[in-house]
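Undergrad: 3D model of this:
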Amino acid sequence: MIRKTKIVGTLGPASTDPKVLDKMMEAGLDVVRLNFSHGKPSDHLERAELVRQLARARGRAIGVLVDLQGPKIRIGKFKDGPITLARGDKFVLDAECKEGSQNRVGLDYKDLPRDVARGATLLLDDGRIEMWVEKVEGTEIHCTVVQGGVLSNNKGINRKGGGLSASALTEKDIEDIKTAAELKADYLAVSFPKTAADIRQARDLLKAAGAKSLIVAKIERAEAIDNLDEILDEADAIMVARGDLGVEVGDAAVPALQKRMIRMARDKNKLAITATQMMESMIESPIPTRAEVSDVANAVLDGTDAVMLSAETAAGEYPVEAVAAMHRVCLEAEKEAQPYIGEARLTRSFLRTDESIAMSAAYTSLHMNIKAIAALTQSGSTCLWMSRHSTHVPIYALTPEVETRRKVTLFRGVYPINFKISKDSDRDELLEAAEEELRRRGAVREGDLIILTIGEPIGKSGGTNTLKIVKVGGRKKA
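TA: Below is the predicted model:
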């Protein structure tokens, strides 16, 4: 059984050693995440090249996802180290404070006093500490501690229910997009978008830098939930970023939102990544907790395209084991996933021939004993549409385009194959070569039924217009 759900792993100090990274690939890594909150541009360029070098040595494609830092809404530093706050304590968040004390601390987001007023609830350190705003005077936000705890340097701040005005793209992000273009990132993740306009801005900056990266909208603000439909229309993928999102909307709301977001993404032919604390205990443990196993399995059953590891692979003690554990869980969960095609798709009108072909291939695979689908593709779009349906049939993207092979590493149930296609190729010869390629790789055997899709004229992007059902070795229609 081939795993359909893809695994994204974050690179960091624990995983930049070539031997470790190579073992992570062997364990099942599909896409590497470069977290631009840390490191210099030169570091990321070197890591991207290392990833691709190791992938080439293995004869496979590995995608690269650049994750922008976004606005840093954090407190400053304390002069004498961490403090302990108790319920009922008075505390001031002061945009002009240089060194924090027991009673106040500075802010790196200087506009916070303008964004809040009496009655607002501020959540610090991923919601571990809660403060109620009594009043705002100039640069000072006077608060009462509702839920106390230990507070240390540079902890994040969220406003319950959202409402902070910070722009999704900072000056640093704008410069980092140029680095993403230079390293030819396959995916660019935009942190804290509120509306579709944030995604459009990122796409315009990418185009200006000469990049073709697909854009991932990280859903982590309450406002993004309200604007989810328009954000999905503008983005190529979403990330269910459950950390900050859970703080802003409340932890109890996240599971249902996760299911809703994944469902909406699939309905709109977009990708979905489920992230944050999926196997958090594996930062220090070689095995995950049963709760974490269930969390990953449920995301798979929800239909997510990918599950993501963050600190587990970036800074944890067991990065290889974390990937291997996620691989095992995904495989087991997929055994229980039921194939289906949504009712909305059965009644939808198609405006494009290639999308209609993709739908036909997916539908046929559910009603015949099809062993594989081979899509001869330039852009990968046909494979994306096919992968929006839930089938047990593997989809092979046969393409000469290295960028397309890297891009489809995030598509659920799609597997890239380097396959030569030229404009003067003969269609029937190409289809026979595709059939032979699948047989050579052990994906199919003599007598199996397979679906082949191709477009004419040959080599034209978006031109898929032919579906053929063949029996392997039969050289004729089944």
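
Undergrad: a helix runs through residue 92, doesn't it?
TA: No. Using DSSP: H, G, I helix; E, B strand; the rest coil, the secondary structure at residue 92 is strand, not a helix.

Undergrad: For it, give its distance to residue 131.
TA: 10 Å (C-beta to C-beta, to the nearest Å). Just so you know, the C-beta spots here come from the backbone N, C-alpha and C atoms, and that holds for glycine as well.

Undergrad: Which parts of the stretch 251-400 of the chain are helices?
TA: Counting by DSSP state H, counting those that start in this stretch, the stretch 251-400 of the chain has helices at residues 254-267, 290-302, 311-314, 319-336, 343-347, 353-367, 381-387.

Undergrad: Mean pLDDT lowest where, among those helices?
TA: Looking at these, the lowest mean pLDDT belongs to helix 343-347 (a mean of 61).

Undergrad: Which residue ranges make up the domains of this structure?
TA: Split into domains by automatic domain parsing, the chain comes to 6-71+167-335, 83-159, 343-471.

Undergrad: measure the longest one end to end?
TA: Read that as domain 6-71+167-335. Terminal residues of domain 6-71+167-335 lie 15 Å apart, using C-alpha to C-alpha, to the nearest Å.

Undergrad: now do the second one
TA: Using C-alpha to C-alpha, the gap from the first to the last residue of domain 83-159 comes to 21 Å.

Undergrad: Stretch 56-65 too?
TA: Using C-alpha to C-alpha, the two ends of stretch 56-65 sit 17 Å apart.

Undergrad: same deal with stretch 268-281?
TA: Distance between the boundary residues of stretch 268-281 (C-alpha to C-alpha) amounts to 34 Å.

Undergrad: So what's the gap between that stretch and the chain middle?
TA: Centroid separation for stretch 268-281 versus its chain: 6 Å, with C-alpha atoms, centre = their mean, to the nearest Å.

Undergrad: Just the buried positions in it, please.
TA: 269-281 (16 or more other C-beta atoms under 10 Å).

Undergrad: out of the domains of the chain, nearest to residue 77?
TA: Proximity to residue 77, assessed across the domains of the chain by C-beta to C-beta, is greatest for domain 83-159 (4.3 Å).

Undergrad: will you turn the domains of the chain into CSV that also has distance to residue 77?
TA: Formatted as CSV, the domains of the chain follow (distance: least, C-beta to C-beta, whole Å):
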stretch, distance to residue 77
domain 6-71+167-335, 17
domain 83-159, 4
domain 343-471, 38
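
Undergrad: need the least confident one among those domains, by mean pLDDT.
TA: domain 343-471 (a mean of 89).

Undergrad: Quick one: residues contacting the residue nearest to residue 314 when sequence neighbours are not counted.
TA: Spatially, and ignoring its direct neighbours in sequence, residue 314 is nearest to residue 12 (2.7 Å; C-beta to C-beta, 6 or more residues apart in numbering). Contact analysis of residue 12 by C-beta atoms under 8 Å, 6 or more residues apart in numbering lists 35, 38, 311, 313, 314, 315.

Undergrad: tell me the two of those that are most distant?
TA: 38 and 313 (13.6 Å).

Undergrad: what does stretch 225-242 contact?
TA: So stretch 225-242 is contacted by 187, 189-190, 193-196, 199-200, 203, 214-220, 224, 245, 249, 254, 257-258, 261-262, 264-265, 268, 270-277, 304-305, 308, 410 (C-beta under 8 Å, 6+ apart).

Undergrad: When residue 38 and residue 313 are compared, which one has more neighbours?
TA: residue 313 (32 against 15; other C-beta atoms under 10 Å).

Undergrad: you'd agree the more buried one is up against residue 324?
TA: No. Using C-beta atoms under 8 Å, residue 313 is not in contact with residue 324, being 11.2 Å away.

Undergrad: list the contacts for the nearest residue to residue 86 once chain neighbours are set aside?
TA: With C-beta to C-beta, 6+ apart as the criterion, residue 86 has its nearest non-adjacent residue at 4.5 Å, and that residue is residue 148. Contact partners of residue 148, counting by C-beta under 8 Å, 6+ apart, are 84, 85, 86, 87, 89, 129.
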